[in-house]
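S.K.: Here is a sequence together with a model predicted from it:
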Amino acid sequence: MTRGSSLYVENLRMSFGQGAQEHRVLDGLSLRVDPGESVCVVGPSGAGKTTLLRCLAGLTRPTSGHVRYGEQSLTEPHADIAVVSQDYRGSLLPWLRVWDNVAFPLQGRGVKRAVRKRRAQECLAAVGLPDVGDKYPWQLSGGMQQRVAIARGLAYDAPVLLMDEPFGSVDAQSRFDLEDLTLQLRRRLGITVVVVTHDIDEAVYLGDRVIVLGGRPTAVLDTLTVPLGTDRDQLSTRADPRFAELRTRVLAQIRGERPPADVEPVADAEVARK
């Protein structure tokens, strides 16, 4: 059962600076993410992927255009939207125990301490860390710390989870485990997941759709449907010929090249979903 509302980005433009110093990052960008979807956003470095995510989170106001959650304009953080950043070291508070870190967002909602702790323990169990609540973040591995950051997003009970390069700072095995964890949580909880990543393989593995950004200023170059089902695993899914075809097509788009002649479009592609 899916939760929440659709996210809409309509003719989004984002510039920094003024006059001759103005630098336009995003130009006329439009997209839609429906409840329960997993959508990955890829593009070259400097394409504005994090800027887009911050607009979706209500943390940054665009220069023009609109970002909506259902019928509500997103001009500030929304209670239905949680964010997991790449820098788990900076996002976790080292002087608080793990369960306090997970429960921290609930304090602003006036949730009583006993309820916060119970909710934190439930979310730690959901990410495979049922026994670390009394530890401090610095006592955990990088992969475990990122699981704690994800648990904090879940504790907020948000139907939308935005993830900014969430696994870029962990080792390869932890990255695979966290990718699988994200898919499991999405299926079990019915949440919407939007992942910004520079890793093309990760985007194809996690996404129902992959949105490719590029150009100067940045716009949506392509939107690819990923026809690999919802039950994916690191071995068979990545060995699927369709996985390789999608990866090649995305890479060609990012490089501004045409895909090889033997690579056919894998599924319906659309520049924007209205």
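M.R.: Cool, got the structure. Note that the coordinates shown come from a computational prediction; the quantities given were computed from them, not determined experimentally.
S.K.: and whichever helix in the chain runs longest, how far from the chain's centre?
M.R.: Scanning the chain for the longest helix, with DSSP state H as the assignment, gives helix 172-189. Chain-centre distance of helix 172-189: 12 Å, with CA atoms, centre = their mean, to the nearest Å.
S.K.: quick one: contacts of the very next helix or strand once past it?
M.R.: On the C-terminal side of helix 172-189, the closest following helix or strand by DSSP states H and E is strand 192-196. Identification of contacts with strand 192-196 by CB atoms under 8 Å, 6 or more residues apart in numbering yields 2-4, 7, 33-41, 49-50, 52-53, 56, 159-166, 182, 186, 202-203, 206-207. Where you see a C-beta, it was placed from the backbone N, CA and C, and this is true even at glycine.
S.K.: hmm, try it at 7 Å
M.R.: When contacts are defined by CB atoms under 7 Å, 6 or more residues apart in numbering, strand 192-196 is touched by residues 4, 33, 35-41, 49-50, 53, 56, 159-166, 182, 186, 206.
S.K.: can I have whatever helix or strand comes next after that strand written out in CSV, keeping just the CAs?
M.R.: For strand 192-196, the following helix or strand on the C-terminal side (DSSP H and E) is helix 200-206. Output in CSV follows, covering the C-alpha atoms of helix 200-206 (Å, rounded to 0.1, in the frame of the first residue of the first chain):
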residue,chain,number,x,y,z
ILE,A,200,24.8,4.8,-13.2
ASP,A,201,24.6,1.1,-12.2
GLU,A,202,23.1,2.1,-8.8
ALA,A,203,20.5,4.3,-10.6
VAL,A,204,19.4,1.4,-12.8
TYR,A,205,19.4,-1.1,-10.0
LEU,A,206,17.3,1.1,-7.6
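S.K.: tell me which strands and helices helix 200-206 is in contact with?
M.R.: Applying 3 or more CB pairs under 7 Å, 6 or more residues apart in numbering; DSSP states H and E, one finds that helix 200-206 contacts strand 38-42, helix 172-189, helix 236-239, helix 241-255.
S.K.: List the buried residues of the longest helix of the chain.
M.R.: Of all the residues in helix 172-189, those buried under the rule 16 or more other CB atoms under 10 Å are 174, 175, 176, 177, 178, 179, 181, 182, 183, 185, 186, 189.
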